[in-house]
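Novice: Mind folding the following:
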Amino acid sequence: MTRTSRHPYTDCWPWAEAVLAWSRANEQHLGLSLGSADLDDGDIEHVPAAIAETLRLNMARHQRTPGDLGLDSARQELWYWVCGRGYPAPGTPGWPEPTGPYADRWRAAFLPSNPQRAERLASAADDVLHGLLFHAAKDPQRNLAADYRLHTYNIDYVALADAAPAIGITMPVAVKDPLAYQGIEGLTTVQEAA
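Specialist: Numbers count the residues shown, from 1 in each chain. Down below sits the predicted model:
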């Protein structure tokens, strides 16, 4: 999962689809999942767009690749934009439409502006990513990576890349510091291009 920097939303799309598929396959084992979201008819088709958008917005806030995003902050990013005071509306200069091959999916989910649907989609993205966060945080394979992060950065966090093997992402994942992911079986990391 390399970052092209041309279409960050496109970079997030495979993660969004994988996370949603994982959540749907594991709903009976999760406390928070798509099943707990209060979606209307027709909303489900827009959930991948909402997950990709929460990741894209979090990438912009933290200047990170998708794999390096902390799940705890990324899961709520879209909620902040949709429900926060002073945030711009989707499709405006302050919150521009993404470019790339999935831009039409973003437009279908967020334009024309429908605050109630946007809130439902933000809630669904949060629930799905929260379920993944809970699952990944319990994985004992993270011990070596967590120890490294604590000693190097004075913080531990659950990154999206930590969950890559669980959600079926098998291609190399671009990250800032590959050592921060050591010991996670099934995860191949590559140094993010400068």
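
Novice: use CA for all of it now, contacts and neighbours both
Specialist: Noted.

Novice: residues of stretch 7-17 that come out buried?
Specialist: 7-13, 15-17 (16 or more other CA atoms under 10 Å).

Novice: Longest helix in the protein, please.
Specialist: helix 115-137 (DSSP state H).

Novice: got the CA positions of it in PDB?
Specialist: This file holds the C-alpha atoms of helix 115-137, laid out as PDB (Å, rounded to 0.1, in the frame of the first residue of the first chain):
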ATOM      1  CA  PRO A 115     -26.000  16.700   7.200                       C
ATOM      2  CA  GLN A 116     -28.100  13.800   8.600                       C
ATOM      3  CA  ARG A 117     -26.700  11.300   6.200                       C
ATOM      4  CA  ALA A 118     -23.200  12.600   6.700                       C
ATOM      5  CA  GLU A 119     -23.700  12.100  10.500                       C
ATOM      6  CA  ARG A 120     -24.900   8.500  10.000                       C
ATOM      7  CA  LEU A 121     -22.000   7.700   7.700                       C
ATOM      8  CA  ALA A 122     -19.500   9.300  10.100                       C
ATOM      9  CA  SER A 123     -21.000   7.200  12.900                       C
ATOM     10  CA  ALA A 124     -20.700   4.000  10.800                       C
ATOM     11  CA  ALA A 125     -17.100   4.700  10.000                       C
ATOM     12  CA  ASP A 126     -16.300   5.400  13.600                       C
ATOM     13  CA  ASP A 127     -18.100   2.200  14.700                       C
ATOM     14  CA  VAL A 128     -16.300   0.000  12.100                       C
ATOM     15  CA  LEU A 129     -12.800   1.500  12.900                       C
ATOM     16  CA  HIS A 130     -13.500   1.400  16.600                       C
ATOM     17  CA  GLY A 131     -14.200  -2.400  16.300                       C
ATOM     18  CA  LEU A 132     -10.900  -2.800  14.400                       C
ATOM     19  CA  LEU A 133      -9.000  -0.700  17.000                       C
ATOM     20  CA  PHE A 134     -10.300  -2.900  19.800                       C
ATOM     21  CA  HIS A 135      -9.400  -6.100  17.900                       C
ATOM     22  CA  ALA A 136      -5.900  -4.900  16.900                       C
ATOM     23  CA  ALA A 137      -5.100  -3.500  20.400                       C
END
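
Novice: That one - contacts with which helices or strands?
Specialist: Contacts defined by 3 or more CA pairs under 8 Å, 6 or more residues apart in numbering; DSSP states H and E place helix 115-137 against helix 8-25, helix 47-62, helix 71-83.
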